Each structure stands twice: as structure tokens, then as C-alpha cells.
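Q: take a look and give me a structure for this.
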Amino acid sequence: MAFLMLYGVGWTQRWQIADDALPLVSEEIKRVGRPETGLLPVLDPGSGTATTVAVAWQHVAAAALLGADHPEGNQPPATGQYA
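A: Residues are numbered from 1 along each chain as shown. I've put the predicted structure just below:
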């Protein structure tokens with residue numbers, strides 16, 4: 001499991017993402033700031049049931065995936081202040 005963090009002016013959202021949806025979500029967050037809308041598969045925070053959220057990317061200032069496992073052999077280096 002991973003979490004999608006969305007940041008806008010004066011707001012923040014966190015959505016849980018199932019492992020099988022990570023590739024799609026990773027591609028979608030490249031739309032941040034564009035005048036486009038995307039549909040993201042997320043898990044409902046109350047029930048854990050799969051659902052879809054629509055995101056107006058022009059209102060998102062930044063997005064990040066946290067807790068996503070990297071494919072073996074493609075791991076970021078474990079150095080720096082936050083390693």
C-alpha cells in the first residue's frame with residue numbers, strides 16, 4: 001500500500017492507493033498544474049473499499065506517492081538527510 005498526497009493552496013488530501021493502481025497513479029500525477037481532470041483509483045478511508053476520485057489537476061500544486069515500494073534494482077540511494 002501507498003499513499004497519494006495532494007497539495008493545493010490552503011488544502012491537503014491523503015488517499016490510500018492499492019499496489020495494483022500505483023503505475024496508473026504515478027502516470028496521473030505528471031498532470032499536476034495542467035488544465036486537465038483525471039480519475040484515480042483510491043481506497044475509501046472509512047471502509048477500505050475501492051472507489052474513484054476525480055482530480056482537477058490545475059488546482060493541485062504538488063503531488064507525491066509515499067510508501068510505494070520500488071521495483072528491485074531500481075531503488076533510490078539511501079543517502080542524504082532523510083535516508
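Q: got any ranges where this protein has weak pLDDT?
A: 68-83 (pLDDT under 70).
Q: could you pull out the strands for it?
A: For the chain, applying DSSP state E gives strands covering 2-8, 11-17, 37-43, 50-56, 62-66.
Q: take those and lay them out in a markdown table including distance to S26.
A: Glycine gets a C-beta too; all of them are placed from N, C-alpha and C. Converted to a markdown table, the strands of the chain look like this (distance: least, Cβ to Cβ, whole Å):
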| stretch | distance to S26 |
| --- | --- |
| strand 2-8 | 10 |
| strand 11-17 | 9 |
| strand 37-43 | 11 |
| strand 50-56 | 14 |
| strand 62-66 | 6 |
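Q: of those, which approaches K30 most closely?
A: When the strands of the chain are compared by Cβ to Cβ, strand 62-66 sits nearest K30, at 9.0 Å.
Q: tell me the angle of the closest one relative to strand 11-17?
A: If you take axes from the mean of the first three to the mean of the last three Cα atoms, to 10 degrees, strand 62-66 sits at 30 degrees to strand 11-17.
Q: in strand 62-66, what's buried?
A: Within strand 62-66, the residues that count as buried by 16 or more other Cβ atoms under 10 Å are A63.
Q: I would like the residues contacting that strand, please.
A: For strand 62-66, the external contacting residues (Cβ atoms under 8 Å, 6 or more residues apart in numbering) are 2-7, 17, 22, 25-26, 29, 32.
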